[in-house]
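> A structural model of the following input is requested.
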Amino acid sequence: HWLARPGNLARYYPRRALLRGIEGEVTLDCRVSREGLLDCAVISETPADWEFAAAARRIAHEHRMQPAMRDGVAVEGRYRMRVPFTLD
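Got it, this is the predicted structure:
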């Protein structure tokens, strides 16, 4: 369950890719802390070397999740996040 999600995702689009009309997608494997903060590693970036991975990690950093609970206590969890970068 999301507690906070960033708005205006266009501001994260890698400038070089935007100027060349390149779209991309990143898959992240995120550790969700007991406080709901995401710490993510890049699983895949398509196409590579267009700075989509760095942008996706910045987007993930702005998210907050309700942490997983075990016996009424917040525990660390995992979340796989897909971040598409598309031009309208």
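
> Can you give me the neighbour number for the nearest residue to residue 3 once chain neighbours are set aside?
Once flanking residues are discounted, residue 3 sits nearest to residue 64: 4.3 Å by C-beta to C-beta, 6 or more residues apart in numbering. C-beta here means a position set from N, CA and C on the backbone, and glycine is covered the same way. Residue 64: 17 surrounding residues under other C-beta atoms under 10 Å.

> Okay, residue 64 and residue 26: tell me how far apart.
The gap separating residue 64 from residue 26 is 19 Å, by C-beta to C-beta, to the nearest Å.

> Quick test: name the residue nearest the centre of this protein.
Closest residue to the average C-alpha location of the chain: residue 60 at 3.1 Å, with C-alpha atoms, centre = their mean.

> what's the next secondary structure element after the helix or strand harbouring that one?
In the assignment (DSSP states H and E), residue 60 maps to helix 52-61. Using DSSP H and E, the helix or strand that directly follows helix 52-61 along the chain is strand 64-65.

> got a list of contacts for that next one?
1-4, 32, 36-38, 77, 79 (C-beta atoms under 8 Å, 6 or more residues apart in numbering).

> Check those for burial and list the buried ones.
32, 36, 38, 77 (16 or more other C-beta atoms under 10 Å).

> any chance of those in JSON lines, with secondary structure, pLDDT and distance to residue 86 too?
Converted to JSON lines, those look like this (DSSP: H, G, I helix; E, B strand; the rest coil; pLDDT from 0 to 100; distance: C-beta to C-beta, whole Å):
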{"residue": "32", "secondary structure": "strand", "pLDDT": "97", "distance to residue 86": "26"}
{"residue": "36", "secondary structure": "coil", "pLDDT": "96", "distance to residue 86": "27"}
{"residue": "38", "secondary structure": "strand", "pLDDT": "97", "distance to residue 86": "22"}
{"residue": "77", "secondary structure": "strand", "pLDDT": "96", "distance to residue 86": "28"}
